[in-house]
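A.B. asks: Sequence first, predicted model second:
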Amino acid sequence: MIRTLHRYCIAFTVVLLSACSVTPRQDAMSQTGAATAAGLASWNDTKTKRSIVDFVTLVTTPESKDFIPRADRIAVFDNDGTLWPEQPASVQLVFALQRVKTVAARHPEWKRQEPFRSILKGNLRNVAASGDAGSMRVLAAAHAGLTGDQFAALVHEWFDAASDPRFNRPYADLAYQPMLELLAYLRANGFKTYLVTGGDVEFVRDVAQRMYGIPPEQVIGSTVKYRYGQSNGAVSLTRLAQVDTLVDGSAKPLAIDRVIGRRPVIAFGNADGDAPMLEWTSAGDGPRLAALVHHTDAQREYAYDRAAKSGKLDKGLDEAGAKGWLVVDMKDDWKTVFKPEGATTAAAPATPPAN
């Protein structure tokens, strides 16, 4: 009896030790996942949040058949309406309109030319409805003749002083807190995050690092034409009053492929103009996550979709279900919209795990 009991004890010990031999790595992975997911504190515990966490866990777990190597973990994000507000007009357009009024005396012809004639008369509805294409044309014309350094200094100075009239906060403070947390969460799990915007790439680069933790070289956007010149041994690049490339709609996947050279694994947008980027991402092999931020919160931000003049979300909303896209409901999925007042910058990228 004693000998039999002894054998059972040995067998039980072997089983226990065998179990222990495989659980430390699993426990560590579980704890790492829990710790990084806990960073999504501004997300309600909804199906949306769980879908994001489940996807990231799936593709970053080495034992998973859907494991994605670090080099292929590319995540792309639209800017206006996805990472910060775009209503009642995009931040870039507000910047451009103020510049038009500042330099209007140098351009008497603007009194006869649209959209400048309307801008100077205060009729901004059609300009705001023209979206990225319209704001880029205004921005290019209003800043022609500046060097890249001069334009960057002007943008930086403007962001230091300009505030949103509704929220009474600097524009640089109006990043969506849940999206800041998502960016940090993805970087903590080995993803490289890119910003893909229809706005002027130089305008966005000025704030991308401090707002989102995205460095300038990971910002893809629309561009104006430049002139190369030399004078007395000095070399200059001067902005022209012409749009070079507009990164919106079908141009987004083209720009992503040209700049990154890899198909994204994750894509977030908020409007029909982002649909091609989501389609391009979803068409890749293996698991993919494509998502739309749906503006449903008129109290904390804005509510708009199908009838919006800018940031319209109509076709994309209809197709999301059939294409398996995630729809982030701002009102239901987010505990808060903006980062707390007094908070500094975007969360610094956490040290990613070794997987």
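C.D. replies: On my side now, so go ahead.

A.B. asks: Okay, and residue 336 sits in which element?
C.D. replies: Taking DSSP states H and E as the definition, one finds residue 336 inside no helix or strand.

A.B. asks: ok, the closest residue to it other than its chain neighbours - how many residues close by?
C.D. replies: Excluding the flanking residues, the one nearest residue 336 by C-beta to C-beta, 6 or more residues apart in numbering is residue 42, at 5.0 Å. Glycine gets a C-beta too; all of them are placed from N, C-alpha and C. Neighbouring residues of residue 42 were enumerated by other C-beta atoms under 10 Å; the total is 21.

A.B. asks: how far away is residue 42 from residue 340?
C.D. replies: For residue 42, the distance to residue 340 (C-beta to C-beta, to the nearest Å) stands at 10 Å.

A.B. asks: Identify the contacts common to the two.
C.D. replies: residue 177 (C-beta atoms under 8 Å, 6 or more residues apart in numbering).

A.B. asks: if we can go back for a sec, give the contact list for the residue nearest to residue 336.
C.D. replies: 177-178, 181, 334-336.

A.B. asks: ok, of these, which come out buried?
C.D. replies: 177-178, 181, 334 (16 or more other C-beta atoms under 10 Å).

A.B. asks: And the strands in the stretch 201-350 of the chain, which stretches?
C.D. replies: Here the stretch 201-350 of the chain has its strands, by DSSP state E, counting those that start in this stretch, at 219-231, 234-245, 266-269, 289-294, 326-329.

A.B. asks: Go through those strands and pick out the most buried.
C.D. replies: With neighbours defined as mean count of other C-beta atoms under 10 Å, the strands of the stretch 201-350 of the chain peak in mean count at strand 266-269, which reaches a mean of 28.

A.B. asks: Just the mean pLDDT for that strand, thanks.
C.D. replies: Strand 266-269 shows a mean pLDDT of 98 in the predicted model.

A.B. asks: show me where the stretch 51-200 of the chain has strands.
C.D. replies: If you assign secondary structure with DSSP E, counting those that start in this stretch, the strands in the stretch 51-200 of the chain sit at 74-77, 163-164, 169-170, 192-200.
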